[in-house]
Each structure stands twice: as structure tokens, then as C-alpha cells.
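**Q** I need the structure of the sequence given here:
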Amino acid sequence: MSQQSTLPTSKARLAVSPLSWANDVLEDLGADISLDTCLRDASANGYAGVELGRKFPREASVLKPLLDSNALALASGWHSGQLAEKSVDEEMASVATHAELLKAMGCSVLVYGEVAMMTPGSPLDEPMSRRLLMPSTQRIGYSSRLTEFGKRPFDTYGLRLAYHHHLMMVAETFEEISDIIGAAGPETGLLLDTGHAAAAGFDYAKLIKRFGDRIVHIHLKDVRKAICAEVQSKDLSFNDGVRSGMFTVPGDGVVDFDPIVRFVKDSGYAGWLVVEAEQDPAVAAPKEYTAEAFEFIQAKFRA
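**A** You can find the predicted model right below:
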């Protein structure tokens, strides 16, 4: 398959997350799949880029030739932030090595996932109902720290902050995301994740309507409705949901991707769209599933 650097009728580029091959949290999922296999599959399926995963080298001198040899760019990579409990200075010290790698690899966004103020122990193994909630009175202060943190990586590394709303974290619901991003300055960009929105029970198009000008990175994730419902009704954990197949690639679940396509085309969005599915590669063969997702998204943009 020929390499695609852009999507039809848009300026955006299509990447794929390595989570389809090897899970970052549940290390038994994909433990036997090599990074070389992941990169070869991603390139063969037509993707222009990938995000970082746990098996990736973290030295640009090693990573860049590896990606170049597969005609892939680095779209970005996740940073586990703790601004819900720590200072901006502490966070800048924590993110420095990661941000330097992203800059060296030519990335333009830094994916920020909030991991502070979560259930003690192994929060992703706790029932969903045990998620800790950030008191509404603390959200303005948190947003202020996000604004300041958004300024510094851009000034220092040229990286735009892409805040990742996420199940089991402080910004899961539409109300929480709206309060936090709405009170933050424009330096705080938003990562729109279609699957996390659906699993949290709201239509991601609401985020486009309210924060379209803040969206700097997009994760294309689908959900299986029946499994989502079972996870909720039985009060299972996030990791239980992943293992049971709650998430899947675009086109294999119930999420409507038409609003994303319209947003990208109408707004002139020129960033990355990243196909992502946290599921067991022994059940959902990574190369086949991500190939089908590539064709699904390409067809959406050609329509």
C-alpha cells in the first residue's frame, strides 16, 4: 500500500497508536509482539505516523532512524501529569526529558494526561464508581496551573499542550471538561478522544461545538455498546473494560465519525488524527484491525 501523508480533502495526517499491538498499562497484552512488527504493520497499512508506546526507545538518535526506516513520523506521546496536586515548576521538571524527545522528533503537541487525584493503589483496576472527583471549587486553580504549564512547554520546546480527557481521571464528563478547559487560557489545547467521550456517556460533537478552536490533537477510538453497558452495569474497572473489548478501532463500534470529518474539513485542522484501540491483540489482530480502520477513515474523508 502506498504511503499516505494526508487525508483526502484535508490537511490532516493519519497516525496509529501502538496500543493495538502492545498495551501500555496491561503489559501482558502484546508482550510477545515486537516494536519492529508494530512499525512494519503501521507503515504497510498506510499510516503516516505513530505515537509513543512503552516499547519505543526514548533517545531521538535511536528512534528517528527506526521511524524513518518505516516511513513514519512521530505524532506525539503521552505525559502522565500531576498538576492536580503539584506545582507548575514541579511539572516542568517532570516533563523535561519527554518534551525534549518530542521536540527532537519534530512533534508539535504534548499529550497531557492527568494521573494525580486518582484512587490510591491501582486506580484503573478499581470499579468505575470509585473514581475520585475533583471538587468544583478546585477546578479554577487547576485550570490556572494548566494555563501556565501550557505556556512554558510552548515557549521552551515549541510544543502545544493537548489535554487528554480520560475515563477515571479528573476530566471525564462533559461538565468536568467544560469547567476545566473553559476556565483555562488558550494555551491549554484539547485532545479530543471519541472513545473516551462515548464511554463517559456524552456526544463528542459537543466538545467540537464548544472548544473547536482549542482542539490540537485527535484520537479516533470506537466503543462496543454492549460491552460498555456491561462494564457500567456491573461496575467493572477500566482495565476490565479494556480486557473485555470495550474499545475498538473506528468502524467496528457505534461511534459516529461524521462530525469529526466535518470538523477537520470545515476548520482546516492540520494536525494528527490517531487511530487508537486499547484491546487484546490476541483477540483483535492488530494489523488486520488497523488496516480496516485506515480504509474506514480514508473512505469517510473521500465521501
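
**Q** out of everything not next to it in sequence, what's closest to Ser237?
**A** Nearest non-adjacent residue to Ser237, counting by Cβ to Cβ, 6 or more residues apart in numbering: Asp125, 5.0 Å away. C-beta here means a position set from N, CA and C on the backbone, and glycine is covered the same way.

**Q** typed the wrong thing, it's Glu148
**A** Val88 (4.8 Å).

**Q** Ala270 now?
**A** In this structure, Ala270 finds its nearest non-sequential neighbour in Lys11, 3.9 Å apart by Cβ to Cβ, 6+ apart.

**Q** Helix, strand, or coil at the one you found?
**A** coil (DSSP: H, G, I helix; E, B strand; the rest coil).

**Q** which ones are touching it?
**A** Going by Cβ atoms under 8 Å, 6 or more residues apart in numbering, Lys11 touches Gly268, Tyr269, Ala270.

**Q** hang on, the earlier thing: distance of the residue nearest to Glu148 relative to Leu101?
**A** 20 Å (Cβ to Cβ, to the nearest Å).

**Q** Who has more neighbours out of these two?
**A** Neighbours per residue (other Cβ atoms under 10 Å) separate Val88 from Leu101, with Leu101 holding more: 20 against 17.

**Q** So Leu74 belongs to a strand, correct?
**A** Yes. The assignment for Leu74 is a strand, going by three-state DSSP.

**Q** can you pick the most crowded of the contacts of Lys11?
**A** Tyr269 (20 neighbours).

**Q** shouldn't Arg302 be in contact with Thr9?
**A** Yes. If you go by Cβ atoms under 8 Å, Arg302 and Thr9 touch, sitting 7.4 Å apart.

**Q** And the helices in the stretch 201-303 of the chain, which stretches?
**A** Secondary structure of the stretch 201-303 of the chain (DSSP state H, counting those that start in this stretch): helices located at 205-211, 225-233, 238-244, 258-267, 286-302.

**Q** Just tell me which of those ends up closest to Cys107.
**A** Smallest distance to Cys107 across the helices of the stretch 201-303 of the chain (Cβ to Cβ): 19.2 Å, for helix 258-267.

**Q** Which strands and helices lie in contact with the closest one?
**A** For helix 258-267, the elements it packs on are helix 205-211, strand 215-220, helix 286-302, judged by 3 or more Cβ pairs under 8 Å, 6 or more residues apart in numbering; DSSP states H and E.
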